[in-house]
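Q: sequence? don't have it. structure:
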């Protein structure tokens with residue numbers, strides 16, 4: 001659940017008829033609006049669609065939905081209900097769906113660890129775990145505008161237990177445990 005303002009929240013859920021949805025709900029639990037995320041999806045995949053990070057823009061008229069098991073960003077207009085999807089990786093979606101149906105498990109890679117939004121940009125912090133001993137773990141910062149256009153990718157040779165973003169100053173903070181904080185300034189990239 002994410003807050004739009006003091007009295008309205010965004011909620012990800014599976015509806016009674018089995019559809020993955022985003023609803024805006026007031027503080028009394030009244031549904032103000034709802035958007036079906038993937039209306040044409042196979043019913044067996046619906047529960048996986050709740051594996052996401054959801055945040056509104058500052059105005060509360062749009063929401064970014066970053067999937068944690070797919071390299072996919074969805075941008076939802078909360079007024080009209082329109083959804084735009086942007087793939088930002090080279091994952092074979094058919095193989096991923098087949099693997100989930102066979103094993104009931106997500107891939108080892110985490111596509112969206114953290115999500116941050118402003119009225120101008122959508123920020124995804126992604127942790128990539130090595131698939132082989134020759135590869136190494138790393139973190140990526142991906143930046144998109146609200147039209148879905150890719151703006152910037154920063155590869156960081158560390159993985160973090162926590163991240164924070166200072167969007168006003170274009171600084172990403174990455175923490176390793178309780179003792180180390182890394183600071184990455186990406187202001188010259190935007």
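A: Structure's in. What do you need? Model, not experiment: these values are computed from the prediction. Numbering: from 1, shown residues only.
Q: Any stretches of this protein with poor pLDDT?
A: In the prediction, the chain carries residues with pLDDT under 70 at positions 1-7, 41-51, 90-97, 99-100, 104-112, 131.
Q: repeat that with 90
A: 1-62, 65-72, 74, 78-83, 85, 87-114, 126-139, 157-162, 175-180, 187-190 (pLDDT under 90).
Q: residue boundaries of the helices in it?
A: Counting by DSSP state H, the chain has these helices, from start to end: 93-103.
Q: which residue is nearest the middle of it?
A: Centroid-nearest residue in the chain, with Cα atoms, centre = their mean: residue 66, separated by 1.9 Å.
Q: and that one, how far is that from residue 167?
A: Residue 66 sits 16 Å away from residue 167 when distances are taken as Cβ to Cβ, to the nearest Å. C-beta: built from backbone N, CA, C; applies to glycine.
Q: Residue 157 too?
A: Separation of residue 157 from residue 167 (Cβ to Cβ) stands at 23 Å.
Q: list the contacts for the residue lying closest to residue 137 once chain neighbours are set aside?
A: By the measure of Cβ to Cβ, 6 or more residues apart in numbering, the closest residue to residue 137 outside its immediate chain neighbours is residue 159, 4.7 Å from it. Contact analysis of residue 159 by Cβ atoms under 8 Å, 6 or more residues apart in numbering lists 127, 129, 137-139, 176.
Q: go with 7 Å
A: Contacts were defined as Cβ atoms under 7 Å, 6 or more residues apart in numbering; by that measure residue 159 touches 127, 137-139.
Q: In TSV, list the residues you listed along with neighbour count and distance to residue 58.
A: Formatted as TSV, the entries for the contacts of residue 159 read as follows, by neighbours: other Cβ atoms under 10 Å; distance: Cβ to Cβ, whole Å:
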residue	neighbour count	distance to residue 58
127	19	26
137	11	33
138	15	30
139	22	25
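Q: quick one: which of those is nearest to residue 120?
A: Using Cβ to Cβ, residue 139 comes nearest to residue 120 of the contacts of residue 159, at 22.2 Å.
Q: Distance check, the closest residue to the closest one other than its chain neighbours against residue 54.
A: Taking Cβ to Cβ, 6+ apart, and ignoring the residues beside it in sequence, residue 139 has residue 156 as its nearest neighbour in space, at 4.4 Å. Computed as Cβ to Cβ, the residue 156 to residue 54 distance reads 24 Å.
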